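After the sequence you'll find the predicted model.
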Number of protein chains: 2
Amino acid sequence: MGKKIVAGIDLGGTNIVAGIFDESGEMIASKQCETQADLGPIRVVENMVSSVKELVKELGCSANDLLGVGIGTPGALDRKSGVVFFAPNLHWKDFPLMKEVHDRLGCPACIENDANAAIYGEAWKGSAAGCDNVVGFTLGTGVGGGIIVDGNILHGCCDAGAELGHLTIDPEGPLCGCGNKGCIEAYSSATGIKNYLKEQYADHKDSLIYKLVDGDLEKVSPKVVYDAATRNDSFANHVFDRVGYYLGIATANAINLFNPEVVVFVGGMTSAGDLIMNPLLAETRKRSFEVSFAKAKISYGKLGNQAGIIGIGGIAFQKFMKLSS
Amino acid sequence: MGKKIVAGIDLGGTNIVAGIFDESGEMIASKQCETQADLGPIRVVENMVSSVKELVKELGCSANDLLGVGIGTPGALDRKSGVVFFAPNLHWKDFPLMKEVHDRLGCPACIENDANAAIYGEAWKGSAAGCDNVVGFTLGTGVGGGIIVDGNILHGCCDAGAELGHLTIDPEGPLCGCGNKGCIEAYSSATGIKNYLKEQYADHKDSLIYKLVDGDLEKVSPKVVYDAATRNDSFANHVFDRVGYYLGIATANAINLFNPEVVVFVGGMTSAGDLIMNPLLAETRKRSFEVSFAKAKISYGKLGNQAGIIGIGGIAFQKFMKLSS
């Protein structure tokens, strides 16, 4: 065919998604398979490589048409050497991911942190499309994020930057999983919410939140809080107000620092919608500079769980397609 | 002569410094004159332009040799249009600085925020020389700063970013001049220190700090606190511990976000040395990720009050000299 293509791979703890992108940056094919992390890192690599090879073949392309592959992976990593230092949910330590994929596919490879890739996806084709300065928060078990400065992902000097969830916003705040006190993650993640609900149980026993889980505090989640809040449980509303309040402080800090065109929120907890967004916006407006606040569109991601594959595809596209043209 | 040169102008509320930089980036001549802001913006422009013209002449160069001029200015600005929106200490509002200088010198001009220029100076030829990722705090009446990401100054989408002094680090902290509560500036600037000392007077009347100013609270300053601390006044030591503690939180936040090679502190208050630096380092270490902390050299600027002119010269050098070669 002689068609130029690049591949993206979104590597998760449970599933692998592979996608093929053409010269215009469109994703023209994709497939999903299980990660099988329990079978070891080489099996995971083989699953990724097989997916890409199958897609290339199905498209009638040859291995030579594939200009490069990008892999979005969880964990701490070094982009230059392509090594994943530590990825607890894959049970990886110091795994040379880039080399192993390169050796099997025969094309150039690059790796990127999965949260960075997702936010890059939103900046490439999602709710921040066309914007060069973007701050993205991923709201889930933890609070993570990605930051785009002048069109490029902010990595820092050893790929350890953009830890948006671990900014101290109250020196004497609750203990965070990272060992620090008062990180945003300690307030506004699913984990932070659960810890807060455990702590508040004695004082709010009669809240619907606790009734919905039959008093089993391990079962509380943002979803349960949401269900209670939509049934007008006042404590549930307070819980989301608090999440939004602290996220608003974090958002104001991000706006004052990065002066972005868009602040985008992605991840499961965004489904709480206005219950979190309203207090978030109120606090952001109060604490950010007027001119920067006015320029910053505050929005949800619009790619959903496709953000990761589109983002890593976009990174591969910028790196390998543009290089070749 | 046919020598290629660029000019930098460091515009301050009191003085103007102009410098000429050669093809190797050396500052080969400089001179200082009064700003005369009270005589209006055009007079200030004429003072800047005369200084540059005199330097060019003294060097035996012609106006044609001058490839461009950069101006480091206080205030909020737009680099693209070259307008200074608001610079209270110059009494300027919506002044087209770039155009006015360009019209009189006949060469391309650019403008940059003065704090950004100073930190760029440290990253070009100072204590962060050769580093691509740098966070700089300017400690003075307020807390300001500049941030370098991948070798470029972080501006944001409308030149309003890098407001390092206005990150909330305690939602219920003291009121800041910006109207927000708990900004770093409210703790660790000269203004923040003065406010704190006013508030604490009743409880610490016997501190040497208050004796050194004969009880005149308007006269307290970091210098007075320093004098008291070096004479073992325990409350003065506490005041600097507190400044360092909050700056340490800000530094940890900067390290977790930017993963810089260097965090540099400039400005008058750095002369307090270890009295602030020791508590700062202790808190930074506690709150930043180990890998990022290990990579980040935390240091003082080494260009002193030359940082501004060298920085704006470097910006003009990158923009106009490189463009021409």
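The structure has been received and is ready for your questions.

Would you mark the buried spots in the strand or helix carrying A:V243?
Following DSSP states H and E, the helix or strand that holds A:V243 is helix A:234-258. Residues of helix A:234-258 classed as buried: A:235-237, A:239-258 (neighbour count, 16 or more other CB atoms under 10 Å in any protein chain shown). (C-beta placed from N, C-alpha, C; glycine too.)

in which helix or strand would I find the residue nearest the centre of chain A?
Most central in chain A under CA atoms, centre = their mean is A:A115, positioned 3.2 Å from the mean C-alpha point. With the criterion set as DSSP H and E, the secondary-structure element containing A:A115 is helix A:114-125.

so who does the residue lying closest to A:C178 once chain neighbours are set aside touch?
Nearest-residue entry for A:C178: A:H166, 5.5 Å, with adjacent residues in sequence omitted and distances by CB to CB, 6 or more residues apart in numbering or on different chains. For A:H166, the set of contacting residues under the criterion of CB atoms under 8 Å, 6 or more residues apart in numbering or on different chains consists of A:C176, A:C178, A:N180, A:C183, A:I184, A:E185, B:N256, B:F289.

change it to 6 Å
Contacts of A:H166 were listed using CB atoms under 6 Å, 6 or more residues apart in numbering or on different chains, and they are A:C178, A:C183, B:N256.

and the second one, how far is that from A:I119?
What it means is A:C183. Taking CB to CB, to the nearest Å as the measure, A:C183 and A:I119 are separated by 19 Å.

Chain A against chain B: which residues are in contact?
Residues of chain A that fall close to chain B, judged by CB under 6 Å from any CB of the partner chain: A:133, A:149, A:154, A:156-158, A:160-161, A:163, A:166-168, A:170-171, A:180, A:249, A:253, A:256, A:258-259, A:261, A:287, A:291-292, A:295.

ok, 7 Å please
Within chain A, the positions near chain B by CB under 7 Å from any CB of the partner chain are A:133, A:149-150, A:152, A:154, A:156-158, A:160-163, A:166-171, A:180, A:249, A:252-253, A:256-261, A:287, A:289, A:291-292, A:295.

Now tell me what touches stretch A:282-294 from outside.
Contacts of stretch A:282-294 from elsewhere in the structure, counted by CB atoms under 7 Å, 6 or more residues apart in numbering or on different chains, are A:245, A:248-249, A:251-252, A:255-256, A:259, A:298, B:158, B:160, B:163, B:168, B:180.

returning to that earlier point: average pLDDT across the helix holding A:A115?
Summarised as a single mean, pLDDT over helix A:114-125 is 98.

per-residue pLDDT, the closest residue to A:A272 other than its chain neighbours?
When the adjacent residues along the chain are set aside, A:A272 lies closest to A:Y226, with 5.2 Å between them (CB to CB, 6+ apart). The model reports A:Y226 with a pLDDT of 98.

In three-state terms, label A:Y226 for me.
Assigned state for A:Y226: helix (three-state reduction, DSSP: H, G, I helix; E, B strand; the rest coil).

That one: neighbour count?
The number of residues packed around A:Y226, counting by other CB atoms under 10 Å in any protein chain shown, is 20.

do the same with the one 4 residues further on
When neighbours are counted by other CB under 10 Å, A:T230 registers 13.

Then A:C33?
Applying other CB under 10 Å, we find 14 residues neighbouring A:C33.

Quickly find the element holding it.
A:C33 belongs to strand A:27-34 when assigned by DSSP H and E.

hey, where'd the strands end up in chain A?
Assigned by DSSP state E, chain A shows strands spanning A:5-11, A:15-21, A:27-34, A:66-73, A:76-78, A:83-87, A:92-95, A:109-113, A:134-139, A:143-149, A:152-153, A:262-266, A:297-300.

Name the surrounding residues that touch the last one.
Here strand A:297-300 makes contact (CB under 7 Å, 6+ apart) with A:S127, A:T251, A:E261, A:V262, A:V263, A:V264, A:F265, A:T270, A:L281, A:T284.

buried residues in that strand?
Residues A:I298, A:S299, A:Y300 are the ones in strand A:297-300 that count as buried (16+ other CB under 10 Å).

now the second one
If you call a residue buried by 16+ other CB under 10 Å, then strand A:15-21 has these buried ones: A:I16, A:V17, A:A18, A:G19, A:I20, A:F21.

For chain B, see how far away the second one is.
Noted for A:V17: a distance of 28 Å to chain B, by CB to the nearest CB, to the nearest Å.

my guess is that residue contacts A:S30, does it?
Yes. The pair A:V17 and A:S30 passes the contact test of CB atoms under 7 Å, sitting 6.2 Å apart.

Find the residues that touch each one of those two.
Listed contacts common to A:V17 and A:S30 are A:I309; contacts here mean CB under 7 Å, 6+ apart.

related to what we said a few turns ago, can you put the buried residues of strand A:297-300 in JSON lines and add distance to B:S189?
JSON lines is the format used below for the buried residues of strand A:297-300 (distance: CB to CB, whole Å):
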{"residue": "A:I298", "distance to B:S189": "29"}
{"residue": "A:S299", "distance to B:S189": "34"}
{"residue": "A:Y300", "distance to B:S189": "37"}
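
and which of the residues you listed is nearest to B:T191?
A:I298 (30.5 Å; CB to CB).

how far away is the closest one from A:M277?
Using CB to CB, one obtains 8 Å as the distance from A:I298 to A:M277.

do the same with A:V134
Per CB to CB, A:V134 is found 18 Å from A:M277.

which residues sit against stretch A:74-88?
The contact list for stretch A:74-88, computed with CB under 7 Å, 6+ apart, reads A:13, A:73, A:89-90, A:92-99, A:109-114, A:155, A:158-160.

what about 8 Å?
So stretch A:74-88 is contacted by A:11-13, A:73, A:89-90, A:92-99, A:102, A:109-114, A:155, A:158-160, B:291 (CB under 8 Å, 6+ apart).

Buried only: go through those for me.
Buried members of those, counted by 16+ other CB under 10 Å: A:11-12, A:73, A:90, A:92, A:95-98, A:102, A:109-114, A:155, A:158-160.

got a pLDDT number for A:K3?
A:K3 carries a pLDDT score of 86 in this model.

still on that earlier bit, want to throw the buried residues of strand A:297-300 into TSV with pLDDT?
What follows is these, written out as TSV (pLDDT from 0 to 100):
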residue	pLDDT
A:I298	98
A:S299	97
A:Y300	98
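
out of those, who's nearest B:L59?
Using CB to CB, A:I298 comes nearest to B:L59 of the buried residues of strand A:297-300, at 51.8 Å.

and the closest one, what are its bridge partners?
Beta-bridge partners of A:I298, counted by DSSP bridges, are A:V263.

Please determine how far it is located from chain B.
As it turns out, when the distance is counted by CB to the nearest CB, A:I298 lies 14 Å from chain B.

Could you measure from that residue over to A:R242?
When CB to CB is the yardstick, A:I298 and A:R242 sit 18 Å from each other.

Of A:V134 and A:M277, which one has the most company?
Per other CB under 10 Å, whichever of A:V134 and A:M277 has more neighbours is A:V134, with 29 against 20.

list the contacts for the more buried one?
The neighbourhood of A:V134, defined by CB under 8 Å, 6+ apart, consists of A:I119, A:E122, A:A123, A:A128, A:I147, A:I148, A:P260, A:E261, A:V262, A:V263, A:V264.

let's see 10 Å
With CB atoms under 10 Å, 6 or more residues apart in numbering or on different chains as the criterion, the residues that contact A:V134 are A:119-120, A:122-124, A:126-128, A:146-149, A:151, A:153, A:258, A:260-264, A:296-297, B:157.
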